[in-house]
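**Student:** Model the following, please.
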Amino acid sequence: MTLPRPVIVIGAGGHARVVADALLCAGTEVLGFTDADPTTWGRSHFGLPILGGDGSLANHNPSTLCLVNGLGSINPKSSMTRRRVQETMMSNGWVFVGVRHPSATISPQAQLADDAQILAGATVQPGASIATGAIVNTRAVVEHDVQIGAWSHVAPGAVVCGDIRIGTHTHVGAGATVRQGLRLGNHCLIGLGAVVISDLPDSTTVIGVPARSIELKK
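**Tutor:** All right, here's what the predicted structure looks like:
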């Protein structure tokens, strides 16, 4: 998916670099990054400058370029930060666009929000629905008729089997597997390599094989 306008990536960490690389692979012009950390300003990633903080966007016109959310998400809390930053900028007139790595396999019968991110080697099958702000990361598999809720993240190598409903701000950890037909609530956290075999209510954290619920320390 080549975007018709140049983009700036919000954030300059690991996920931002992955996103920028995917955009470049798809033929999109990337002008650079913004970052909240002043020590990064003036540096670059593979020739793309870190332009400054988010205030540097004042030097650009929202009608001539778009933004891409480069903030990573490793749990429900960080996905809330990701959402808050994007929604604040959207309220100031900015448009956020998504990412489709050219090596991803995306069914024409899948429905993707405009700002969803589908990264290298990922698979999205027929009937799947990927909501706004969601990430399907490297080599993740989203099978047929799955619904991924807004601001949720299917991490690298995770497999979400068919006919699953995932709520908002839920994180499916790297290498995890979710059995077909399940319902996962909002703000859930599925640990690395976990195998989920039963429905999860809201705000549940699970680890292990089979996955079991744990309480995180405050």
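**Student:** where in this structure is pLDDT low?
**Tutor:** The chain contains residues with pLDDT under 70 at 1-3, 217-218.
**Student:** Phi first, then psi, for the most centrally placed residue in it.
**Tutor:** Closest residue to the average C-alpha location of the chain: I135 at 2.5 Å, with Cα atoms, centre = their mean. Per-residue torsions, I135: phi -120, psi 130 (degrees, to the nearest 10).
**Student:** domain parsing for the chain?
**Tutor:** 7-99, 103-218 (automatic domain parsing).
**Student:** Could you single out the most deeply buried of the ones you listed?
**Tutor:** Burial of the domains of the chain is given as mean neighbour count (mean count of other Cβ atoms under 10 Å); domain 103-218 ranks first at a mean of 19. To be clear about C-beta, it is placed using only N, CA and C from the backbone, and glycine gets the same treatment.
**Student:** Centre of the chain to that one, how far?
**Tutor:** 11 Å (Cα atoms, centre = their mean, to the nearest Å).
**Student:** wait, what's in contact with N92?
**Tutor:** When contacts are counted by Cβ atoms under 8 Å, 6 or more residues apart in numbering, N92 touches P62.
**Student:** Give me the phi and psi for it.
**Tutor:** When read as degrees, to the nearest 10, the backbone of N92 gives phi -100, psi 10.
**Student:** And A122, how far from Q109?
**Tutor:** 16 Å (Cβ to Cβ, to the nearest Å).
**Student:** An error on my part: the question was meant for K77.
**Tutor:** For K77 relative to Q109 (Cβ to Cβ), the value is 34 Å.
**Student:** what does R212 give?
**Tutor:** Going from R212 to Q109 by Cβ to Cβ gives 35 Å.
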